[in-house]
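Chemist: below is the sequence, then the predicted model.
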Amino acid sequence: MTAIKHALQRDIFTPNDERLLSIVNVCKAGKKKRNCFLCATVTTERPVQVNVVKVKKSDKGDFYKRQTAWALRDLAVVDAKDAVKENPEFDLHFDKVYKWVASSTVEKNTFISCIWKLNQRYLRKKIDFINVSSQLLEELPKVAEESVPSGENQSVAGGDEEAVDEYQELNAREEQDIEIMMEGCEYAISNAEAFAEKLSRELQVLDGANIQSIMASEKQVNILMKLLDEALKEVDQIELKLSSYEEMLQSVKEQMDQISESNHLIHLSNTNNVKLLSEIEFLVNHMDLAKGHIKALQEGDLTSSRGIEACTNAADALLQCMNVALRPGHDMLHAVKQQQQRFSDLREQFARRLASHLNSVFVQQGHDQSSTLAQHSVELTLPNHHPFHRDLLRYAKLMEWLKNTDYGKYEGLTKNYMDYLSRLYEREIKDFFEVAKIKMTGTTREGKKFATLPRKESAVKQETESLHGSSGKLTGSTSSLNKLSVQSSGNRRSQSSSLLDMGNMSASDLDVADRTKFDKIFEQVLSELEPLCLAEQDFISKFFKLQQHQSISGTTTNEAEEMDGGTLSRSYTSGIPQTISSEKDMIRQMMTKIFRCIEPELNNLIALGDKIDSFNSLYMLVKMSHHVWTAQNVDPASFLSTTLGNVLVTVKRNFDKCISNQMKQMDEVKISKKSKVGILPFVAEFEEFAALAESIFKNAERRGDLDKAYIKLIRAVFVSVEKVANESQKTPRDVVMMENFHHIFATLSRLKISCLEAEKKEAKQKYTDHLQSYVIYSLGQPLEKLNHFFEGVEARVAQGIREEEVSYQLAFNKQELRKVIKEYPGKEVKKGLDNLYKKVDKHLCEEENLLQVVWHSMQDEFIRQYKHFEGLIARCYPGSGITMEFTIQDILDYCSSIAQSH
């Protein structure tokens, strides 16, 4: 930096008669770094001018050029950005703000110190220095002694600056006097020493004249001293008079002090009286309860709307009086204590009267509601509690008052409401579910039996297990179920015959109307329960002032998720828990206590529906999923959402159990050894299940559950079909596989189940493969001797004999070929085909109607063999004129006539 400073002084400032005092290396803030130098300079000529010069290094050479200069008097503000921390940034406010970033904080501080010193020394206008350390401004750092090149007789060191401090500029009058004095002496300029000696001699003469003048004025001095003595005497007399006046004023001062003290006491008394009046007015205005309010609290009518409104207003006024913010010391006043005790007595009396009245309202409403149960006994509807809620909501504000003033009585009312309403709702809901069960099962003997089953869960479980074990099937109407019960308890057949009987229980035997009726009844049950729970929850929220908020916390658990294993446990308490995390939890607990019978009754109804027909679980899964989805959209943590979610888990388990039972039945199926197999029962049952499921699950939310069940069932069907085909003795394996996989392919093609596209292709492939295998196996070698003959011919060709030379072989000459061909006239061929048709007809079942398809495939295979023989004759016996005794047209005629004759 010293070399740069030396170069700048030499090249830029010395030619302009300027001295460089301080320099800082800077660049503009926020832009690409292009360094330049800010220089503080002063002129060497008088009067001194101070400038801030921006010097930039030339792009074309290694020299510096003067770019911009500002006069220091134009500088308004120097902003150092931070007076505490080291920060290289600073701003200079000239005509606009220039933002700079110094290469170092030391250089910045040195430059700012130089600016402040020049401002103090040369400028009358003071520059504002902000964010600059006060220590930096107080202790001026000395400019480093850096001398400019010799011969310039200039220095930028501190010595020159101190010389500038000692120099005092002459004013205009002094300059004028010096000029007049120098004009009076001819050699004032040419001979300065002689002029100085002359001035010295004149100064000595003037000093002597001054001394003589002082000595000549002694007489006047004596007179002046005498006058001063007389003045001192006058001053003493004035002091005596002032002392007497002071004593008189002292007595007056004492009297005024007494008056002032008296006035202060009077003012203090008045101030205290005003404050006391203000306190009394505050207590009277805020702790005085109107007589009308007191009467309403003591005797107000709690049955009429006007009386309830008056009691509500009085209760609010009482609460305001009790909650008034007393000032310090008020609670020590006897009157305040007495008034507070009076308020407490009024609060206790009214709270007791309100709680007693509401308990009476609960009891009275229960009697009125019980009288309406009879009209709902035959209809599948639940009683409407809206009038009861409407009447009680008039007391909502009073309940809020009771909650804020006497939480014990509020909690007691809450418990009484839950206890009583739980009994009322339990009677209504149980009667409602009894009607639903009767409507589901009808009034038959079996229906009555089923109607009583849900009350005895153990009996349900036992009979259900026995039913599953005996029949192996859970589909069908009530009559088919009764049939199964009789079969299991009476003449119990073997497992094989019982499972064959299942084939008779197809969709034609199932009462579709019963399933539709069950679906409508189940939907009606859920549609009645949902508004009942929502209305009661809304009433509890408003009446007990437990407002719900839609913002659900992140810890909400969806209890309706798939749970194949495990059991959801829930504990019911006899009262409200002592510690409740939030008002929403309290609402849920109250709803759980009031409607504690809903979940068990729903589970019983689901068990009954599953016992009547296991396919009912499909209806229940769809309906329950829809209602759970609707409830969770309203409030995922509500009682209704949680309860329906728990029940949905049970329904899902029943659905999974239904699928598992069907798969189990497939594993246990046995076929008859005396009759042909045909379409297997579980294949027909899968068709029935899929058709029913597609109609039920159309646009359903839980389509994924059905797709998973489809995959499980179809794989089990494939495995079981192959198992039965392998065990079949009466019907060929290929026929069992062909017919059943054709039926499966037709079912999947008709229903268009997207998740089973791969299985549909597999079923088609298996059907095609086994059809071809059966055709080849059954057709065999209809021209057996001819086939053996040409096998020998092909063997000779394979050994290397040319085809046209085969006829020269003794065993395969033309005479031997004619002899073999004569054994298969057209009549014999037709007879063989007729026997084959009868054999195929015995193997195939009538339901699948595949006889013509198989026969056409056999015809094509026979023609293919015929063409193969004709080709060998043409190649191996050319020009012999040997042909078969029947043609392709004869084969077509034979096959057609055989098919028509049967």
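Modeler: Yep, it's here.
Chemist: which residues does the residue nearest to Phe343 when sequence neighbours are not counted contact?
Modeler: The spatially closest residue to Phe343, leaving aside those adjacent along the chain, is Met322, at 5.0 Å (C-beta to C-beta, 6 or more residues apart in numbering). Using the backbone N, CA and C atoms, a C-beta is placed for each residue, glycine as well. Contacts for Met322 (C-beta atoms under 8 Å, 6 or more residues apart in numbering) come out as 340, 343-344, 347, 405.
Chemist: could you work out the most separated pair of those residues?
Modeler: The two members of the contacts of Met322 with the most space between them (C-beta to C-beta) are Gln340 and Thr405, at 13.4 Å.
Chemist: still on that earlier bit, now the buried members of the contacts of Met322.
Modeler: Buried positions within the contacts of Met322, assessed by neighbour count (16 or more other C-beta atoms under 10 Å), are 340, 343, 347, 405.
Chemist: which one of these is nearest Val50?
Modeler: Distances from those to Val50 were compared by C-beta to C-beta; the smallest belongs to Gln340, at 79.8 Å.
Chemist: on the three-state scheme, that closest one is what?
Modeler: Secondary structure of Gln340, reduced to three states by DSSP: H, G, I helix; E, B strand; the rest coil: helix.
Chemist: hang on, the earlier thing: can you redo the contacts of Met322 as CSV with distance to Arg201 and pLDDT?
Modeler: Below are the contacts of Met322 laid out as CSV (distance: C-beta to C-beta, whole Å; pLDDT from 0 to 100):
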residue, distance to Arg201, pLDDT
Gln340, 108, 83
Phe343, 111, 84
Ser344, 114, 87
Arg347, 115, 86
Thr405, 113, 86
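Chemist: kindly reformat the residues you listed as CSV containing secondary structure and distance to Ala631.
Modeler: What follows is the contacts of Met322, written out as CSV (DSSP: H, G, I helix; E, B strand; the rest coil; distance: C-beta to C-beta, whole Å):
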residue, secondary structure, distance to Ala631
Gln340, helix, 49
Phe343, helix, 45
Ser344, helix, 45
Arg347, helix, 40
Thr405, helix, 36
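Chemist: now those as JSON lines including distance to Arg394?
Modeler: Supplementary listing: the contacts of Met322 in JSON lines, determined by distance: C-beta to C-beta, whole Å:
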{"residue": "Gln340", "distance to Arg394": "30"}
{"residue": "Phe343", "distance to Arg394": "25"}
{"residue": "Ser344", "distance to Arg394": "26"}
{"residue": "Arg347", "distance to Arg394": "21"}
{"residue": "Thr405", "distance to Arg394": "19"}
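Chemist: can you tell me which of these is nearest Asn616?
Modeler: Minimum separation from Asn616 among these (C-beta to C-beta) is found for Thr405, which lies at 53.5 Å.
Chemist: how close does the residue nearest to the closest one when sequence neighbours are not counted get to Ala317?
Modeler: Setting aside the residues directly before and after it, Thr405 is nearest to Arg347 in space (C-beta to C-beta, 6+ apart), at 5.5 Å. Applying C-beta to C-beta, to the nearest Å, one obtains 12 Å for the distance of Arg347 from Ala317.
Chemist: just the pLDDT for Gln349.
Modeler: Reading off the confidence values, Gln349 has pLDDT 90.
Chemist: would you check how far apart it and Lys542 are?
Modeler: Where Lys542 is concerned, Gln349 sits at a distance of 26 Å (C-beta to C-beta).
Chemist: the more surrounded of the two?
Modeler: Neighbours per residue (other C-beta atoms under 10 Å) separate Gln349 from Lys542, with Lys542 holding more: 16 against 12.
Chemist: tell me which other helices or strands the helix or strand hosting that one touches.
Modeler: For Lys542, the host element (DSSP states H and E) is helix 512-543. Other elements packing on helix 512-543 under the criterion 3 or more C-beta pairs under 8 Å, 6 or more residues apart in numbering; DSSP states H and E are helix 386-392, helix 396-405, helix 407-441, helix 583-594, helix 598-612, helix 616-634, helix 639-668.
Chemist: how about these in JSON lines, adding distance to Ile801?
Modeler: Output for the helices and strands packed on helix 512-543, formatted as JSON lines (distance: least, C-beta to C-beta, whole Å):
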{"stretch": "helix 386-392", "distance to Ile801": "104"}
{"stretch": "helix 396-405", "distance to Ile801": "111"}
{"stretch": "helix 407-441", "distance to Ile801": "83"}
{"stretch": "helix 583-594", "distance to Ile801": "95"}
{"stretch": "helix 598-612", "distance to Ile801": "76"}
{"stretch": "helix 616-634", "distance to Ile801": "70"}
{"stretch": "helix 639-668", "distance to Ile801": "56"}
